[in-house]
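Trainee: Sequence and predicted structure, then a few things I'm wondering about:
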Number of protein chains: 2
Amino acid sequence: MAKIAVIVDQGFEDSELIKPLEAFANAGHQTVILGMKKGDTVKGKKEGTPITIEEEIQNANVHDFDALLIPGGHSPDRLRAHPQPVDFTREFIDSGKPVFSICHGPQLLITAKRLKGRTLTGYKSIIQDIKNAGATFVDQEVVVDDNLVTSRHPADLPAFCKACLERL
Amino acid sequence: MAKIAVIVDQGFEDSELIKPLEAFANAGHQTVILGMKKGDTVKGKKEGTPITIEEEIQNANVHDFDALLIPGGHSPDRLRAHPQPVDFTREFIDSGKPVFSICHGPQLLITAKRLKGRTLTGYKSIIQDIKNAGATFVDQEVVVDDNLVTSRHPADLPAFCKACLERL
């Protein structure tokens, strides 16, 4: 069974956190909610779903996890304003372990400078940012490029969760 | 006196809309609030400041305005998911008339593909996006590059408003 790091901050897209968590739990995998401050409660942007930060990103070690999930919403843009989430994301993608990113999730990978030459999808508003980062944007429900699994928006969640589970 | 287009959607940074509006009004300039749907009320992300859309972007004509203001917050990323605000922003920058952008405002200019070779500032989370768009990022309270006036965040508003007024 895998141990999955989930990196999150205020204003995450509710379903893009909750649905993968459910899918991972149903498959017997463990998840750890990482954020800027342990014990803080962060909330979803649409439904206000509360989630408690279990471990601080600056104290987390990539070696302790088998995969990384980056839910979308406003969360990735907030996280990339700090160096620790960016460094953690960069180390994760460089480790070769699976990175699951949906919606605005690629924003963290852009600031980590790890999209050059990759093929992925993401939310429509960030298409030009993805292309400018040197990546190829593909408009489909799920894109798997080596260790990077990406989707566009909540409607893609069934395909996204399936593809994530296949990589664990 | 100048007529200034203000392009805005849900989740704008309250002060980055309100303070420039006050500064423009105090100097005798006219502003028109442009958005996706006329009559809709959009709200600020921190204080929930309500503002009513006076004219739809798709019906607005660059020739009718002397300058464009792009407040930050979540508004620019929401707007750039639609073609009309992107086209309007591109036409405005190409017109040579002043474009005032603060915080996340450059996101619209990125999607409009009009930052290559420009020098500007913006919110810290989008620095890599600005650089990837072919622009030079400068970390200072206000940057004036030809018709483009930019600032980083609400603390820069006094310098931003002063620089905007000087361009009118």
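Mentor: Okay, I see it. Numbers count the residues shown, from 1 in each chain, chains lettered A, B, ... in the order given.

Trainee: buried ones in stretch A:160-168?
Mentor: Taking 16 or more other C-beta atoms under 10 Å in any protein chain shown as the neighbour-count basis, stretch A:160-168 is seen to contain the buried residues A:160, A:161, A:163, A:164, A:165, A:167, A:168. For the C-beta atoms, the positions are set from N, CA and C on the backbone; glycine is no exception.

Trainee: What ranges does chain A have for its strands?
Mentor: Across chain A, reading from the start of the chain, the strands by DSSP state E fall at A:3-7, A:30-35, A:41-43, A:50-52, A:55-56, A:67-70, A:99-102, A:119-120, A:136-137, A:143-145, A:148-151.

Trainee: Can I get those strands in CSV including mean neighbour count?
Mentor: Conversion of the strands of chain A to CSV gives the following (neighbours: other C-beta atoms under 10 Å in any protein chain shown):
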stretch, mean neighbour count
strand A:3-7, 22
strand A:30-35, 20
strand A:41-43, 15
strand A:50-52, 13
strand A:55-56, 15
strand A:67-70, 26
strand A:99-102, 29
strand A:119-120, 20
strand A:136-137, 17
strand A:143-145, 18
strand A:148-151, 27
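
Trainee: closest to residue B:87 out of those?
Mentor: Closest approach to residue B:87 among those is made by strand A:136-137 (19.7 Å; C-beta to C-beta).

Trainee: between the buried residues of stretch A:160-168, which is nearest residue B:57?
Mentor: Using C-beta to C-beta, residue A:160 is the member of the buried residues of stretch A:160-168 that lies nearest residue B:57, at 31.9 Å.

Trainee: Surely that closest one touches residue A:141?
Mentor: Yes - A contact is recorded between residue A:160 and residue A:141 when judged using C-beta atoms under 8 Å, the distance being 7.4 Å.

Trainee: list the residues that contact both of those two?
Mentor: Common contacts of residue A:160 and residue A:141 (C-beta atoms under 8 Å, 6 or more residues apart in numbering or on different chains): residue A:151.

Trainee: on that earlier part again, need the max-distance pair from the buried residues of stretch A:160-168.
Mentor: With C-beta to C-beta as the measure, no two of the buried residues of stretch A:160-168 lie farther apart than A:160 and A:168, at 13.2 Å.

Trainee: Stretch A:75-95 vs chain B: in contact?
Mentor: Yes - remark: stretch A:75-95 sits within contact range of chain B at A:77, A:78, A:80, A:81, by C-beta under 8 Å from any C-beta of the partner chain.

Trainee: Beta-bridge partners for the most centrally placed residue in chain A, please?
Mentor: Against the mean C-alpha coordinate of chain A, by C-alpha atoms, centre = their mean, the closest residue is residue A:70 at 1.1 Å. When bridges are taken as DSSP bridges, the partners of residue A:70 come out as residue A:101.

Trainee: Residue A:107 versus that one, what's the distance?
Mentor: Counting by C-beta to C-beta, to the nearest Å, the gap between residue A:70 and residue A:107 amounts to 9 Å.

Trainee: How about residue A:76?
Mentor: 4 Å.

Trainee: Need the nearest residue in space to residue A:82, chain neighbours excluded.
Mentor: Leaving aside its sequence neighbours, residue A:82 sits nearest to residue A:36 (C-beta to C-beta, 6 or more residues apart in numbering or on different chains; 6.6 Å).

Trainee: For the residue nearest to residue A:96 when sequence neighbours are not counted, list the residues it contacts.
Mentor: When the adjacent residues along the chain are set aside, residue A:96 lies closest to residue A:147, with 5.5 Å between them (C-beta to C-beta, 6+ apart). If a contact means C-beta under 8 Å, 6+ apart, then residue A:147 has A:93, A:96, A:97, A:98, A:99, A:167 as its contacts.

Trainee: now swap in residue A:123 and tell me
Mentor: Residues touching residue A:123, when contacts are defined by C-beta under 8 Å, 6+ apart, comprise A:72, A:103, A:104, A:152, A:153, B:81.

Trainee: Ok, residue A:119 next?
Mentor: By C-beta under 8 Å, 6+ apart, the contact list for residue A:119 reads A:135, A:136, A:138, A:143, A:145.

Trainee: rewinding a little: can you select the buried ones from the residues of stretch A:75-95 next to chain B in ChimeraX?
Mentor: Only the buried members of the residues of stretch A:75-95 next to chain B enter the following ChimeraX selection, criterion being 16+ other C-beta under 10 Å:
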select /A:77,78,80,81
